[in-house]
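Colleague: Here is a sequence together with a model predicted from it:
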Amino acid sequence: MTSIKKQNGSALLMVMVLAACLGMLALSYFRVATESRHSSKWHEIKNTAIEASRSLQEEAYATLIKDLKNPKSQIFWFLLGAVSGARNELRLPFARQNLVKTLPPGYDCDFSCELKVISFKNTAPEGKSYHGKHEGHGILAIRARVDIFRTTDQQRKSISHHELEIHHDYLVASMLSPDQHGSTLRKALLIRKERGCNGQNPVISENVQLQILQNETHDHLEKPENLQVFNHFSLWARRDLTSDDLLRQRIIDTTTRTLNLNGIYHCRGQIVFDGQWQIRGQGVLIADNFVINNSIKKSESNALAVFFARRGNIRINTDKEVQAALIAINNNGTGSIEALQSLNLNGMILADSLNLQHWKPGKHIVVYDQTLSDPDKAYQISVSRWISYLGNGENS
Amino acid sequence: MKSDKPGFMLTEALLAMLILGLISSSIFFMISASNRNSMNAWHSLLGEQLCSETIEVFRSIGYNRLSDCHDQYIADYQLNEWQPVTAASKLTGISRPEACSVFARKITMQLLEKDGINGILVKVSVKLLKSSRSEDNEVSCSALLMEQP
């Protein structure tokens, strides 16, 4: 009888054990399925956080470039005196208003963005020191951080966090190529060659009357044979541009007939200015040679333009006012300025020689522009559009 | 004599069969749900890829060209309408998995401005062409594309 009792119920027992095992399996599956749904949602929210941080970066870069064109902006002043490690919070009003529109319903976000100077050097790569007290080049980081929350979560615990850090190179350069004494463009007329090609004084001619007007008591006929300007190539914002590049990048805007200058731009070939132009910002255009056929005027009093012919001449074929500094010097000593009509220049001239025999006989006027005298008021900061480093960080 | 032979009672056997039947049906349900979840995960992944692809292409096109575009099409991306996704595009040169052809995609753009800064809100939605529960299978992604200087 004892053996019969042992046999009764054994099938049920086995099935119960099997049921328990399968029940545990089902429970595990349920948990895996739940986790899978959560991870799918997490993945979607993480992608949203990544896209949001990229949008923040784009707005930060656009704001940076826009504000650096204004020497009175907070960002300009931050970068002008910044040393390695300096940080500055960046306000992003566009993202503040619109970033929430990129989130799925039921979610909200917090974000922040800051600039950090990774490094800044005031010596050129070849070891020479820059003379301007703020001049130099460095690496600037833009750091964007996004935290996404559920709107139902009172404690606003982050369910997805993403950080994006991007580095750009940047330059701080004075547009007056300062030396140890200040602006190298501090006089109305500077001629590098002591004698003209005919052995005569280079600024005296029987037919040409060159009237130099400078408020301060400087010697007009200084002979700075060894004077070099803009020879720190590492401070040039753009190099080897073509004339098409100048148009495409709107440095020369033919629609508004404006020269948008915010740095030192080097262009291959000749630049010709036909028609009336206005200058916006402060900057230097370097090209092989220039031809100016009409007026060039500042759009505001602190605007500044320097035209530097590195291989040839600057030819001015107009009697309208030209408000710019004209430089025509090169290693061969053949750079010259030629006025084919009565010159009316508000700026200064620096040339190897003037070649007055090619000037129109009569009176020519050069009035010194005082904005060319203070290199501290002619700083421009250029941030490269190229990304030198990109770092992603995430946590959820 | 009967009690000497081991065996099951009829009630016991019926109860065991009932339990086994319940377990078997739940296993079938689990397998079915597992397959469905796998397909949903696969479709979600493809859908997210299709959304990301659009955002990347539009980001590379840039604000200026997008804001100037007044057509219904940008490259072969149709705006404001559900458009079936093709496995390959001759116009853009983009090739996608064959499984992408079961999806439709809708792209909307909205111009935005704040304090002189311009941007575009691009919203991309992707859903299965034939689905009884389309609300569960629709994947969306949005991004702000900013005007660059």
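Modeller: Nice, I can see it.
Colleague: what's the weakest-modelled helix or strand in chain A?
Modeller: helix A:2-7 (a mean of 50; mean pLDDT, DSSP states H and E).
Colleague: repeat for chain B
Modeller: Going by mean pLDDT, DSSP H and E, chain B bottoms out at helix B:134-137, a mean of 57.
Colleague: all helices of chain B, in order?
Modeller: Taking DSSP state H as the criterion, chain B carries its helices at B:10-61, B:63-68, B:134-137.
Colleague: so which of those comes closest to chain A?
Modeller: helix B:10-61 (4.4 Å; CB to the nearest CB). The C-beta positions use only the backbone N, C-alpha and C, and glycine is treated the same way.
Colleague: so what's the backbone phi/psi at the closest residue to B:Ser89 other than its chain neighbours?
Modeller: Counting by CB to CB, 6 or more residues apart in numbering or on different chains, the nearest residue to B:Ser89 once its immediate chain neighbours are dropped is B:Asp76, at 5.3 Å. Note on B:Asp76: backbone dihedrals following degrees, to the nearest 10 are phi -110, psi 30.
Colleague: For B:Asp76, list the residues it contacts.
Modeller: Going by CB atoms under 8 Å, 6 or more residues apart in numbering or on different chains, B:Asp76 touches B:Ser89, B:Leu91, B:Thr92.
Colleague: The last one against B:Val57, yeah?
Modeller: Yes: the criterion here is CB atoms under 8 Å, and B:Thr92 meets it with B:Val57 at 7.0 Å.
Colleague: Identify the contacts common to those two.
Modeller: In contact with both B:Thr92 and B:Val57: B:Ala75, using CB under 8 Å, 6+ apart.
Colleague: Save the contacts of B:Asp76 as a markdown table, and put in neighbour count too.
Modeller: Output for the contacts of B:Asp76, formatted as a markdown table (neighbours: other CB atoms under 10 Å in any protein chain shown):
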| residue | neighbour count |
| --- | --- |
| B:Ser89 | 14 |
| B:Leu91 | 9 |
| B:Thr92 | 12 |
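Colleague: Tabulate the residues you listed (JSON lines), appending pLDDT.
Modeller: Listed next are those as JSON lines, based on pLDDT from 0 to 100:
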{"residue": "B:Ser89", "pLDDT": "83"}
{"residue": "B:Leu91", "pLDDT": "81"}
{"residue": "B:Thr92", "pLDDT": "82"}
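Colleague: Closest to chain A out of the residues you listed?
Modeller: B:Thr92 (20.5 Å).
Colleague: Enumerate every residue touching the closest residue to that closest one other than its chain neighbours.
Modeller: Using CB to CB, 6+ apart and skipping residues adjacent in sequence, the residue nearest B:Thr92 is B:Ala75, 5.1 Å away. B:Ala75 makes contact with B:Val57, B:Ile61, B:Ser89, B:Leu91, B:Thr92, according to CB under 8 Å, 6+ apart.
Colleague: and the residue of the stretch 101-250 of chain A nearest chain B?
Modeller: A:Thr102 (3.9 Å).
Colleague: could you list every residue that touches that residue?
Modeller: For A:Thr102, counting by CB under 8 Å, 6+ apart, the contacting residues are A:Thr48, A:Glu51, A:Ala52, A:Ser55, B:Leu121, B:Ser142, B:Ala143, B:Leu144.
Colleague: Please name the residues that touch residue 106.
Modeller: Here I'm looking at chain A. A:Arg150, A:Thr151, A:Thr152.
Colleague: actually it's chain B I care about, not the one you picked
Modeller: Taking CB under 8 Å, 6+ apart as the test, what B:Lys106 contacts is B:Asn80, B:Glu81, B:Trp82, B:Gln83, B:Val124, B:Ser125, B:Val126.
Colleague: Of those, which is the nearest to A:Gly269?
Modeller: Nearest to A:Gly269 among those, counting by CB to CB, is B:Val124 at 44.4 Å.
Colleague: Using the record's domain definitions, break chain A down for me.
Modeller: Domain ranges of chain A: A:41-174+A:382-395, A:189-377, per automatic domain parsing.
Colleague: ok, the last one near chain B or not?
Modeller: When you say that, I think you mean domain A:189-377. No: Domain A:189-377 is not in contact with chain B by CB under 8 Å from any CB of the partner chain; minimum separation 9.2 Å.
Colleague: Give me the distance between that domain and the centre of its chain.
Modeller: Relative to its chain's centre, domain A:189-377 lies at 24 Å (CA atoms, centre = their mean, to the nearest Å).
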